[in-house]
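Q: structure for this input, please:
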Amino acid sequence: MELRWLEYAFEVYKQGSFTKAANRLRVAQPSLSQQVAKLERELGARLFVRGHAAAVPTDQGRRLLSYAEQMLRLRDDLLREAAETSEGMNRVLSIGTLAITGGHVLPPLLQAFAAKHPEVRVRIVEETTARLEELTANGETDLSILALPIGDQRLETRSMLTEPLYLAVPPDRDFAVRNVSRKQSDKAHSALLSDYASAPFIVLKSGYGFRGTVFALCAEHGFQPRIAYETSSVETAQTMVAHGLGVTVIPAMVRRFTKPMPTYLGLGNAATRTLVFAYRKDRYLSLAAQAFLNVWLEGRERA
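A: As a prediction, the model looks like this:
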């Protein structure tokens, strides 16, 4: 059995198509089909039901390909660790992050890391939470900065920081009169979230983890938010709030202090989010990723 056969078969499994897998692997489709057929003969099992547009794994195929994934992962980790043992730290570090979060927490870390390891080039991957979990689990990023809870059980986490959440509301008092049950909450610079149960909410689109955080927080206060707008940008959400279009929940680090800006109301000590470093728990963690985590740890100890 050749590892190449496993690699080809597993790519077909991931892509769901011989054509797509061949394009991804940059091989001719007949050659790919032949290699997968050799593997099936070696195993004495049919891995795929071949159709005009798709390759559907059989039940036995799914089980056998899960072993193939483990073997390929071990091969990649073996080669990577061996290369770093003989040649030193990899020259590229891939870090996944949400765009706004990364813009706030990464610059000082990158500055400190570059001072210690100027030879390492850092590649920033900005995606949705769901996509970052997938990329990290598949080893396409060395580590990612995500918020709890983490949905993918294949990931290990290391706590980074915990910050309070705020309710961003329009500065317009007429909005409060129309939508809020407690009229003077803005004077106290704090709020009961349930007071805003009838207000229109601006939330992040599906795929962003913070959307789930907001929904869970509202559920704890006994209501489901009335969604008026969905966006992929926290900055856009804040601008919409500032123009009286609704309310939203905001992590402390992304509050806006230039106009147009909403009014920010505290939600109490229980309303927080925790950021973590996430990486595949059963994979080799590159020397560059380990060094980056050490730089973060040293900075935390000095703070």
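
Q: quick one: low-confidence ranges for the stretch 101-250 of the chain?
A: 173-174, 176-177, 179, 181-189 (pLDDT under 70).

Q: now the strands for it?
A: Ranges of strands in the stretch 101-250 of the chain, per DSSP state E, counting those that start in this stretch, are 121-126, 143-147, 155-169, 200-204, 226-231, 248-251.

Q: given the last one, what are its sheet partners and their directions?
A: Just to be clear, that refers to strand 248-251. The pairing partners recorded for strand 248-251 under DSSP bridges are strand 155-169 (antiparallel).

Q: repeat for the fifth one
A: Within its sheet, strand 226-231 is paired with strand 200-204 (parallel), according to DSSP bridges.

Q: thinking again about what came up before, save the strands of the stretch 101-250 of the chain as JSON lines, and put in distance to Phe215 too.
A: C-betas here are computed from N, CA, C, even on glycine. Shown next, in JSON lines, are these (distance: least, CB to CB, whole Å):
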{"stretch": "strand 121-126", "distance to Phe215": "23"}
{"stretch": "strand 143-147", "distance to Phe215": "14"}
{"stretch": "strand 155-169", "distance to Phe215": "13"}
{"stretch": "strand 200-204", "distance to Phe215": "8"}
{"stretch": "strand 226-231", "distance to Phe215": "10"}
{"stretch": "strand 248-251", "distance to Phe215": "10"}
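
Q: so can I have TSV of the ones you listed showing mean neighbour count and distance to Glu42?
A: Formatted as TSV, the strands of the stretch 101-250 of the chain follow (neighbours: other CB atoms under 10 Å; distance: least, CB to CB, whole Å):
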stretch	mean neighbour count	distance to Glu42
strand 121-126	15	37
strand 143-147	25	36
strand 155-169	18	33
strand 200-204	22	48
strand 226-231	15	50
strand 248-251	24	52
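
Q: show me what the helix or strand that contains Leu72 is packed against.
A: Counting by DSSP states H and E, the element that carries Leu72 is helix 59-87. Using 3 or more CB pairs under 8 Å, 6 or more residues apart in numbering; DSSP states H and E as the contact test, the elements touching helix 59-87 are helix 3-15.

Q: buried ones in the helix it packs on?
A: Trp5, Leu6, Glu7, Tyr8, Ala9, Phe10, Glu11, Val12, Tyr13, Gln15 (16 or more other CB atoms under 10 Å).

Q: go ahead and confirm the first one touches Ala37.
A: No - with contacts counted by CB atoms under 8 Å, Trp5 stays clear of Ala37, the gap being 9.3 Å.

Q: ok, Val249 touching Ala191?
A: No - counting by CB under 8 Å, Val249 stays clear of Ala191, with 10.5 Å between them.

Q: please parse this protein into its domains.
A: Under the assignment automatic domain parsing, the domains of the chain span 3-86, 87-159+275-302, 162-273.

Q: list the contacts for Gly84?
A: Quick fix: residue 84 reads Glu, not Gly. By CB atoms under 8 Å, 6 or more residues apart in numbering, the contact set of Glu84 is Asn90, Ser286, Leu287.

Q: wait, the last one sits on Asn90?
A: Yes - Leu287 sits in contact with Asn90 when judged by CB under 8 Å, with a separation of 6.6 Å.

Q: any idea how far Arg91 is from the nearest residue to Arg131 once chain neighbours are set aside?
A: Closest residue to Arg131 apart from its sequence neighbours, by CB to CB, 6 or more residues apart in numbering: Gly207 at 6.9 Å. From Gly207 over to Arg91 the distance is 32 Å, taken as CB to CB, to the nearest Å.

Q: likewise Leu217?
A: Distance, Leu217 to Arg91, by CB to CB: 42 Å.

Q: got it, and Ala216?
A: Counting by CB to CB, the gap from Ala216 to Arg91 is 41 Å.

Q: how many other residues sit next to Ala82?
A: The number of residues packed near Ala82 is 11, by other CB atoms under 10 Å.

Q: next, the contact list for the closest residue to Ser232 other than its chain neighbours, please.
A: Spatial nearest neighbour of Ser232, chain neighbours left out: Lys205 (5.2 Å); criterion: CB to CB, 6+ apart. With contact taken as CB under 8 Å, 6+ apart, Lys205 is in contact with Arg211, Glu230, Thr231, Ser232.
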